[in-house]
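Colleague: Structure for this input, please:
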Amino acid sequence: AEECKNPQRDMPIGILGTLAVCSVLYIGVAIVLTGIAPWRTLNNAAPVVGALKSLNMNTLWKWVDIGALGGMISSLLVFQYGQARVWFAMSRDGLLPALFSKVHPRYKTPHVSTWIAGLAVGIPAGVWDVGTFADLSNIGTLFAFAVVSAGVLVLRRTQPNRKRGFTVPLGPLFPLLAIASCLILMLALPLETWIRFFGWSAVGLIIYFAFGKKNSALARQDQAN
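Modeller: The predicted structure follows:
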């Protein structure tokens, strides 16, 4: 949001526009795939490539495979970019040590957070299998979405007069649907993923109560008042 000229306007347009375009494309691809190949044969990690192979489109499926690899790389870069800035913002608010909010003197980027995020992702990715790593990433992302949706409900009730750049339409309906959808998807994940999730959540709570709670900007503001 800090890189936008007008985040109150640009962020909702960007997020909702991206969701709309991706939804149309995914639905279109699903319709086409079920038209060219039996749906029972599409239950694999690369259904588009599998469908093209069944039609003997050897050149096309190779290009699709290359495109998929490129898409994975871009997704990883976006994740790394976003995670580093999340830690940077948390450190600036006092929830994490000041080390995470250090800015490179030349490039003006949060280089420490970027390096830590890279190591935190790269090392487990080299140890765990892809499925385990993907499940843990999924449950963390879904939980974050559910917490944000719950935050919308809480802020609507506790701070009804607060000035907002964007207001979620239809009151509590969308946040409740989002929470329910996230919980349903989380329940579909294996037990081992839940155990790892609770373990990392416990680590996060320890950091919060041991350091973040008393050093946060909100705590300092309350002490000043």
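Colleague: The residue nearest the centre of the chain and Trp63, how far apart?
Modeller: The residue lying closest to the centre of the chain (CA atoms, centre = their mean) is Thr141, at 4.8 Å. Distance of Thr141 to Trp63, given as CB to CB, to the nearest Å: 29 Å. No exception for glycine: its C-beta is placed from N, CA and C like everyone else's.
Colleague: Kindly report the same for Thr158.
Modeller: In terms of CB to CB, Thr158 sits 52 Å off from Trp63.
Colleague: Which one of these two is surrounded by more residues?
Modeller: Trp63 (11 against 8; other CB atoms under 10 Å).
Colleague: Tell me the spacing between that one and Val49.
Modeller: Taking CB to CB, one finds Trp63 at 10 Å from Val49.
Colleague: Same check on Val29?
Modeller: In this view, Val29 and Val49 are 12 Å apart by CB to CB.
Colleague: Centre of the chain to the helix of greatest length in the chain, how far?
Modeller: Scanning the chain for the longest helix, with DSSP state H as the assignment, gives helix 58-92. Here the centre of helix 58-92 is set off from its chain's centre by 11 Å, with CA atoms, centre = their mean, to the nearest Å.
Colleague: Which neighbouring elements make contact with it?
Modeller: helix 47-54, helix 111-127 (3 or more CB pairs under 8 Å, 6 or more residues apart in numbering; DSSP states H and E).
Colleague: Tell me what angle the last one forms with helix 58-92.
Modeller: With axes from the mean of the first three to the mean of the last three CA atoms, to 10 degrees as the basis, helix 111-127 and helix 58-92 are set at 130 degrees to each other.
Colleague: Can you name every helix or strand that helix 111-127 contacts?
Modeller: Judged by 3+ CB pairs under 8 Å, 6+ apart, helix 111-127 is in contact with helix 58-92.
Colleague: Please identify the buried residues of the helix it packs on?
Modeller: 61, 64, 80, 83-91 (16 or more other CB atoms under 10 Å).
Colleague: Next: stretch 137-157.
Modeller: For stretch 137-157, using 16+ other CB under 10 Å, the buried residues are 138-140, 142, 145-146, 149, 152, 156.
Colleague: Just the ones in strands from those, please.
Modeller: Per DSSP state E, strands hold no members of the buried residues of stretch 137-157.
Colleague: Which two of those have the greatest separation?
Modeller: Distance extremes for these: the farthest pair is Asn138 and Arg156 at 27.7 Å, using CB to CB.
Colleague: what's next to the helix or strand hosting Cys182, contact-wise?
Modeller: Per DSSP states H and E: Cys182 is located in helix 173-187. Helix 173-187 is contacted by residues 138-139, 142-143, 145-146, 149-150, 152-153, 168 when judged by CB atoms under 8 Å, 6 or more residues apart in numbering.
Colleague: Apart from its chain neighbours, what residue comes closest to Val103?
Modeller: For Val103, ignoring the flanking residues on the chain, the nearest one in space by CB to CB, 6 or more residues apart in numbering is Pro110 at 6.1 Å.
Colleague: OK, contacts around that neighbour?
Modeller: Applying CB under 8 Å, 6+ apart to Pro110 gives the contacts 84-85, 87-88, 100-104.
Colleague: Please repeat the previous calculation with a cut-off of 10 Å.
Modeller: 84-89, 91-92, 100-104, 116-117 (CB atoms under 10 Å, 6 or more residues apart in numbering).
Colleague: how close does it sit to Arg85?
Modeller: For Pro110 relative to Arg85 (CB to CB), the value is 6 Å.
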